[in-house]
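Engineer: Sequence first, then the predicted structure:
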Amino acid sequence: MPPMDNHVQIARKIRSVENVKVQMLQQLTNVFRSIQSGNERDMAETLGGLVGLTYYLGRQLGLDLSSVDQQAQNAWVKSFRGHEVDSADIEFVQEYLRSLR
């Protein structure tokens, strides 16, 4: 493959990643709006969309999606350090994520 084609592919990949980042911000806004509305179907739909975009971004960045799953099972809990949380809900989510294997 000629070098110019490689540059074009890299530029496309960068544009794709930037597009997904914008979509994720838009989806996060939609999550907040759905929470405000209180509509459970909308909340589930927008959260699911955000999760899907997260996996897609991981793929675009060349990550192994199983490693993203592993981090979802473990590392996300660190974000709650120093904050008041419901440990029963955290355990519930961790068990749910483990069950997806």
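Structural biologist: Happy to help now that I have it.
Engineer: so how far is Lys13 from Trp76?
Structural biologist: Trp76 sits at a distance of 26 Å from Lys13 (criterion: CB to CB, to the nearest Å). For glycine as for every other residue, the C-beta is placed from the backbone atoms N, C-alpha and C.
Engineer: Sorry, slip of the keys, the one I care about is Leu25.
Structural biologist: Leu25 is 19 Å from Lys13, where distance means CB to CB.
Engineer: got it, and Ile90?
Structural biologist: Ile90 sits 35 Å away from Lys13, going by CB to CB.
Engineer: my read: Leu61 touches Ile14, true?
Structural biologist: No. If you go by CB atoms under 8 Å, Leu61 and Ile14 don't touch, sitting 10.9 Å apart.
Engineer: buried residues in the lengthiest helix in the chain?
Structural biologist: Longest helix of the chain, by residue count under DSSP state H: helix 3-37. By neighbour count, and taking 16 or more other CB atoms under 10 Å as the criterion, the buried residues in helix 3-37 are Val20, Met24, Gln27, Asn30, Val31, Ser34.
Engineer: residue closest to the middle of this protein?
Structural biologist: In the chain, the C-alpha closest to the average C-alpha coordinate belongs to Thr54, at a distance of 2.7 Å (CA atoms, centre = their mean).
Engineer: Run through who's touching the helix or strand where that one lies.
Structural biologist: Taking DSSP states H and E as the criterion, Thr54 maps to helix 40-60. Under the contact criterion CB atoms under 8 Å, 6 or more residues apart in numbering, helix 40-60 has outside partners 13, 16-17, 20-21, 23-24, 27-28, 30-31, 33-35, 65, 68.
Engineer: now, the most widely separated pair of these?
Structural biologist: Lys13 and Ile35 (32.9 Å; CB to CB).
Engineer: pLDDT (mean, whole number) over the helix holding Thr54?
Structural biologist: Mean pLDDT, helix 40-60: 96.
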